[in-house]
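K.L.:
Sequence isn't available, so here's the structure alone:
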């Protein structure tokens, strides 16, 4: 890659020499430009197969127009992009993990060295990739991602597009994303370029990177505070948080300030006003009434907006923790769901040894960091992952009043967590992730069952959960990073990531102690898929307008469908309505490992992705039928307390 930019003959020779060693982790493929022009798709796939075999199972499609850089003064070309360390499962798991993490740190250092001469997005080598997206050099993340989404819909084979055009668009985003990585706070912290960031060397003991993706969630502020205050050694905990929120209100229109439906309390007032206005028989009376309500709406909207700004910045946290938090701010309209947000959060990683992935509404027990490290070391596997659906906490509810002071509803109050006490949570068994049913999209819904007794050690289980995952950082940074090509995916990410982790040799364990708690009732905030877009003159428009324009709605639906089918194809159960070309696409660094296969994963977890059937062991999460207690505990979410063994609704929905 360096040679592609500078034409350094010595560097080029080094690359050739290193390529000759099959066990080397350098990710570079050389081919002549004439070969690049002449290759058919089948020939490229053969080359990819060889590349995958030699370099640890990471598949990348060799392309000519988007992914090949001509070498100055040479008849050769180099495929480049995110060249990440890869490896199979070997003896001495922890030692190999440390080696791979050091390789990744070195990759980040070298990436910064290559990119430090350019501002973000202005490396001339990116020009051809911005050209693919139809953007000028230097375009930001929001513009890049918007162009990516629009093109994916057009070029996807399921829309009648060409598979190679799709791969060019995906590669263009990957390369631009790698450039962004070089300029993020994670790399800056690793190389010591950010004076405001505490370095890993200043930490106390093994370092932990906590990935937090937040969508318009005031609880994120309290989650971070609770996490640091209850850590045994806060100095070793570093956080990458992605804030997706309303960072600006719409500009005034001819009537002045614009009332929106972006805020929960305002929405309750607006809905009540809508019902009351319908009682007036003439439009003039309706107008006068709504004009009076407008003052209340604007007052509450400003309060909620200021609170949203306050909660989505680390400066609202104690100063002692701020230097350990790396943050990214994303306009809420650019949100694409948890997978994309976690992809962005992983850009903030700075080489920590362990990684904890949580949601933005989580609470912890005292000493959670020591407990997690001890439990992980007690797992009988070289590559363990602690994972599951945590027990619940709740929020105190506050009243919402209309312009006359009348009660119109109640909403949870962020920061007022009602959490099980330590003794009670220790007496509760831990939940285990289990299969529930296949839905209409042919993706399996998950649930949880609570163990009747607290086990002495972490329990082997079958499935991975996104709201709580703790392992060596290698697992989600090197082997199964969040797939940037799954826009708007809700259901399916946990199976997709779990399959990738398992095929790389990782094993899943349910913790034997409740270490954290999750807020399942989320009526206090918006959800990116249910965001009401009506505002201003359209504030009281028909409900169908809440989804935005027809083009926006169609794009969202199309991308969600292609993301679901990408997941199904990777796991070996392609959707019957998808075209053959879609099922032959390459996954690059988001593909399977080479320690175990997708078919073996299907057999291991008891899910048949072709016939959509569930084996008995999958419904039990790999446990014995008599291992579970009835779901009547007061420390379970209310929708779990149904008197059965199944704690339904824990996982993502369609």
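P.N.:
Cool, got the structure. Note that the structure is a prediction, hence the values are computed from the model and not measured. Numbering: from 1, shown residues only.
K.L.:
Flag the shaky bits of the stretch 301-450 of the chain, pLDDT-wise.
P.N.:
403, 421-427 (pLDDT under 70).
K.L.:
what are the ranges of the strands in it?
P.N.:
325-331, 354-359, 362-364, 384-387, 391-392, 394-401, 407-418, 431-438, 444-450 (DSSP state E, counting those that start in this stretch).
K.L.:
deepest of those strands, which one?
P.N.:
Most buried of those by mean neighbour count (mean count of other CB atoms under 10 Å) is strand 391-392; its value is a mean of 27. Every C-beta, even on glycine, is put in place using the N, C-alpha and C of the backbone.
K.L.:
That one pairs with which strands, parallel or anti?
P.N.:
strand 516-518 (parallel) (DSSP bridges).
K.L.:
just checking, next helix/strand downstream of the partner strand?
P.N.:
Counting by DSSP states H and E, the next helix or strand C-terminal to strand 516-518 is helix 550-570.
K.L.:
what's next to that next one, contact-wise?
P.N.:
149-150, 152-153, 156, 158-159, 336, 339, 441-443, 483, 485-493, 495-496, 499-500, 547, 574-575, 578, 582-583, 585, 587, 591-592, 598, 609 (CB atoms under 8 Å, 6 or more residues apart in numbering).
K.L.:
give the contact list for the nearest residue to residue 410 once chain neighbours are set aside.
P.N.:
Residue nearest to residue 410 in three dimensions, not counting chain neighbours: residue 397, with 4.2 Å by CB to CB, 6 or more residues apart in numbering. Each residue near residue 397 by CB under 8 Å, 6+ apart is listed here: 410-413.
K.L.:
from the contacts of helix 550-570, which ones fall inside helices?
P.N.:
149-150, 152-153, 339, 493, 495-496, 499-500, 598 (DSSP state H).
K.L.:
Now for those: which two are most distant?
P.N.:
Maximum pairwise distance among these (CB to CB): 30.8 Å, between 150 and 598.
K.L.:
residues contacting the residue nearest to residue 165 when sequence neighbours are not counted?
P.N.:
Nearest non-adjacent residue to residue 165, counting by CB to CB, 6+ apart: residue 155, 4.0 Å away. Residue 155 sits next to 161-162, 165-166, 168-169 when contact means CB under 8 Å, 6+ apart.
K.L.:
Out of those residues, grab the one that's most surrounded.
P.N.:
Within the contacts of residue 155, residue 169 tops the neighbour count with 25 neighbours, counted by other CB atoms under 10 Å.
K.L.:
which parts of the helix or strand hosting it are buried?
P.N.:
If you go by DSSP H and E, residue 169 is part of helix 163-182. Going by neighbour count (16 or more other CB atoms under 10 Å), the buried part of helix 163-182 is 163-182.
K.L.:
so after that helix, what's the next helix or strand?
P.N.:
helix 185-191.
K.L.:
packing partners for that following helix?
P.N.:
Packing partners of helix 185-191 (3 or more CB pairs under 8 Å, 6 or more residues apart in numbering; DSSP states H and E): helix 93-115, strand 237-245, strand 325-331.
K.L.:
now the second one against strand 325-331, angle please.
P.N.:
Between strand 237-245 and strand 325-331, the angle formed by their directions is 10 degrees, by axes from the mean of the first three to the mean of the last three CA atoms, to 10 degrees.
K.L.:
could you check the angle strand 407-418 makes with the very next helix or strand once past strand 237-245?
P.N.:
Following strand 237-245 in sequence order, the next helix or strand is helix 264-277 (DSSP H and E). Counting by the same axes, to 10 degrees, helix 264-277 lies at 160 degrees to strand 407-418.
K.L.:
For helix 264-277, give me every contacting residue.
P.N.:
259-261, 286, 289-290, 293, 296-297, 300-301, 303-304, 400, 402-403, 408-409, 411, 523-526, 532, 539-540.
K.L.:
Just the buried ones among these, please.
P.N.:
Among the contacts of helix 264-277, those scoring as buried are 259-261, 286, 289-290, 293, 296-297, 300-301, 304, 400, 402-403, 408-409, 411, 524-526, 532, 539-540 (criterion: 16+ other CB under 10 Å).
K.L.:
Residue 150 and residue 598: who's more crowded?
P.N.:
Ranked by neighbour count (other CB under 10 Å), residue 150 and residue 598 place residue 598 first, with 19 against 16.
K.L.:
so what's the more buried one up against?
P.N.:
Here residue 598 is in contact with 499, 503, 570-572, 592 (criterion: CB under 8 Å, 6+ apart).
K.L.:
for residue 501, same thing?
P.N.:
385, 464, 475-476, 479-480, 508, 593.
K.L.:
With distance to residue 357 and secondary structure as new columns, can the residues you listed be given to me in a markdown table?
P.N.:
Shown next, in a markdown table, are those (distance: CB to CB, whole Å; DSSP: H, G, I helix; E, B strand; the rest coil):
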| residue | distance to residue 357 | secondary structure |
| --- | --- | --- |
| 385 | 10 | strand |
| 464 | 10 | coil |
| 475 | 10 | helix |
| 476 | 6 | helix |
| 479 | 14 | helix |
| 480 | 11 | coil |
| 508 | 13 | strand |
| 593 | 19 | coil |
